[in-house]
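[1] predicted model, plus sequence, below.
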Amino acid sequence: MFCSKKNCIKILIIAFVYLIAGEISFSMLEQNSIVTVVIFPAEGFALATAIIYRVNILPGIFLGQFFLGLHALDPLPSFSIAIINTIEAFIAIKLFYKFNLNRKLEETKDVLGIILIIIFVLQPFSSIFGNFILIIFSIISFDEYFSSLFSWWFGNSMGQLLFTPMLLYIYAYLKKIDLIEFSLIGLFFGLWSYLFQIVIPIQNTSLLLSVTLPLILYLSSIRGLHYATFSVSIIAFTTLYLTHLNKGVFIQGTPINNIINLNFYFLSQILLVLIIGTLFNEKKRRAIELESLIDNAIKKNREQELMLYHQSKLAQMGEVINMIAHQWRQPLSNINGLVMLMDIKMSKENRVNPTLLEEEFNKLESITSDMSSTINDFRDFFKPNREKVQFDLEETINHSIRLVESMLVVDNIKIDKKYRDKVTLLGYSSEIGQVLVNIINNAKDALVSNQNIKEKRISIELFKRDTNIVINIQDNAGGINPDIIDKIFNPYFSTKLSKNGTGLGLYISKMIIEEHMGGELHVKNINGGALFTLILK
């Protein structure tokens, strides 16, 4: 079947609209000719439908042009020109999609692409071959060929430049258009054009342009190019109608000057609206896309930080278990000794001594109570604070030291504390504690790995400096290799990967101090060791 019922209806509608648009254009200009130098809306309508529906509607363009041509031509030349216009539409479809132009005309390349195709391909093709047909059938003489060619090229180009973008924009945003608002805007610009051409007649074309163009560009920026191009079309129809009634600005001079001024008025508006409006909307869209990219990058970065934080917590859990093992080693040894002592005494006496049992059970209860307290200390210490609280920084430091103290004792590492100022702070106590434990653990590992140190020490100093609070943590392990000191805060960078280091401890510590608490964390080598400085503000 040549076409489906739905497509046949489209073809008939397109043919009818093309015919009516062409007849209105000719009647307003009071011409009885197939060629006009002023805008020819039918061509703009044909090009828009060809881009939207592609080759399926070419018969509609052919029929519309054929019946339109019959008002001034015999059937055969009308048929020939209809063929030319149909081939023109086919070329438009091929070129538009060959160059990957978007029919929404969202980008400058799309707008410039369709303008160039119209001016330098479609209308040269149509006007050259169309006027050649007119010469063949003796409708025009060869002497009239070039003037007729220009009129055909210019009038059809104007029709396509004015109406094709408008129809494409309206089709793209049809579901978003408020019909009442759309109609009111069209009415406003029709009255606005009437006001400055009839009521307050402006005789200068450039001045007339200056009172309409800024409003249309503003409309483009706030409502979109579908509103702006529609407004330009309304102004064009109003101006043409007033000129048809022999009123307005464009009847003051000679006929040729009137036509030049009229076309300049229309052409300036549509080209400036299309190019400036597209550039503005493209910039606005790029800004929105950039904002979206930034938001996604921030979200992704936060997710990555959260993942690293969880990885760090998992690694820290292993360290916590190790600390608890150190803390419990002595109590468990004591429990084992008490049990063995009870067994020996009861074996010697060959009976159960209630007094002895009570004494030993009291000792066991005291030991297990201390072990339970140790678990609670670690549980509370590594539980994240949900809200900022006022806390004593000295107590937080002492608590952090107690958590690692058993391991330090095993490795004969001494802690020197120097608290020069009494400091209370609003913030997250457990997070600062985690940072301190991380740094102290790193210092401990560095001291243990250096067998040449006779007296292993870690010194912790707390003081105020101006409006800041400073915590210095220094060891005497020989310092950090200068080649890597700038990398130690990078994620996954570790000097002890072979010892199951994750490379996340110092990265997370820096993130906590600088991002969560708005402070600073630095490191440098000084006096035979590494000095970590926490600055809290």
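    That came through, no problem.

[2] give me the buried positions along stretch 88-101.
    When burial is assessed from 16 or more other C-beta atoms under 10 Å, stretch 88-101 yields the following buried residues: 88-89, 91-93, 95-96, 101. All C-beta spots, glycine's among them, are computed from the backbone N, C-alpha and C.

[3] for the residues you listed, which one is nearest residue 58?
    Among the buried residues of stretch 88-101, residue 89 lies closest to residue 58 (C-beta to C-beta), at 5.8 Å.

[4] so what's the residue count around the residue nearest to the closest one when sequence neighbours are not counted?
    Distances taken as C-beta to C-beta, 6 or more residues apart in numbering place residue 50 nearest to residue 89, at 4.1 Å, with adjacent residues excluded. Applying other C-beta atoms under 10 Å, we find 25 residues neighbouring residue 50.

[5] ok, residue 50 to residue 218 distance?
    32 Å (C-beta to C-beta, to the nearest Å).

[6] same check, this time on residue 135
    Applying C-beta to C-beta, one obtains 48 Å for the distance of residue 135 from residue 218.

[7] give me the more crowded residue out of the two.
    With other C-beta under 10 Å as the criterion, residue 135 and residue 218 differ in neighbour count, and residue 135 comes out ahead with 14 against 11.

[8] just say helix, strand or coil for the more buried one.
    Three-state secondary structure (criterion: DSSP: H, G, I helix; E, B strand; the rest coil) places residue 135 in helix.

[9] my read: it touches residue 145, true?
    Yes - the pair residue 135 and residue 145 qualifies as a contact (C-beta atoms under 8 Å) at a distance of 6.1 Å.

[10] picking that back up, and the residue nearest to residue 89, which of the three is it?
    helix.

[11] that one touches residue 60, doesn't it?
    No - Residue 50 is not in contact with residue 60 according to C-beta under 8 Å; the separation is 9.3 Å.

[12] tell me the domain boundaries of the protein?
    Following automatic domain parsing, one finds the domains of the chain at 1-172, 176-361, 384-536.

[13] contact partners for residue 266?
    When contacts are counted by C-beta atoms under 8 Å, 6 or more residues apart in numbering, residue 266 is found next to 39, 158, 162, 232, 236, 239.

[14] and the second one, how many neighbours?
    Burial of residue 158 is recorded as 26 neighbouring residues (other C-beta under 10 Å).

[15] how near is it to residue 43?
    9 Å.

[16] how about the third one?
    From residue 162 across to residue 43, the span is 10 Å (C-beta to C-beta).

[17] more neighbours, these two?
    For residue 162 versus residue 43, neighbours defined as other C-beta under 10 Å are more numerous around residue 43 (33 against 26).

[18] any idea which element that one lies in?
    Following DSSP states H and E, the helix or strand that holds residue 43 is helix 41-53.

[19] in terms of secondary structure, what does the helix or strand that that helix is followed by contact?
    If you walk from helix 41-53 toward the C-terminus, the next helix or strand you reach (DSSP H and E) is helix 58-69. Contacting helix 58-69 under the criterion 3 or more C-beta pairs under 8 Å, 6 or more residues apart in numbering; DSSP states H and E are the following elements: helix 5-28, helix 41-53, helix 75-98.

[20] tell me which of the ones you listed lies nearest to residue 262.
    Each of the helices and strands packed on helix 58-69 has some distance to residue 262 by C-beta to C-beta; the shortest is helix 5-28, at 12.1 Å.

[21] and the closest one with helix 75-98, angle?
    110 degrees (axes from the mean of the first three to the mean of the last three C-alpha atoms, to 10 degrees).

[22] give me the packing partners of helix 5-28, helices and strands only.
    Helices and strands touching helix 5-28, by 3+ C-beta pairs under 8 Å, 6+ apart, are helix 41-53, helix 58-69, helix 225-244.

[23] out of the ones you listed, which is the most enclosed?
    Sort the helices and strands packed on helix 5-28 by mean neighbour count, taking mean count of other C-beta atoms under 10 Å, and helix 41-53 sits at the top with a mean of 25.

[24] for it, give the mean pLDDT please.
    On average, the pLDDT along helix 41-53 is 94.

[25] any chance of TSV for the helices and strands packed on helix 58-69, columns distance to residue 402?
    Listed next are the helices and strands packed on helix 58-69 as TSV, based on distance: least, C-beta to C-beta, whole Å:
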stretch	distance to residue 402
helix 5-28	82
helix 41-53	77
helix 75-98	74
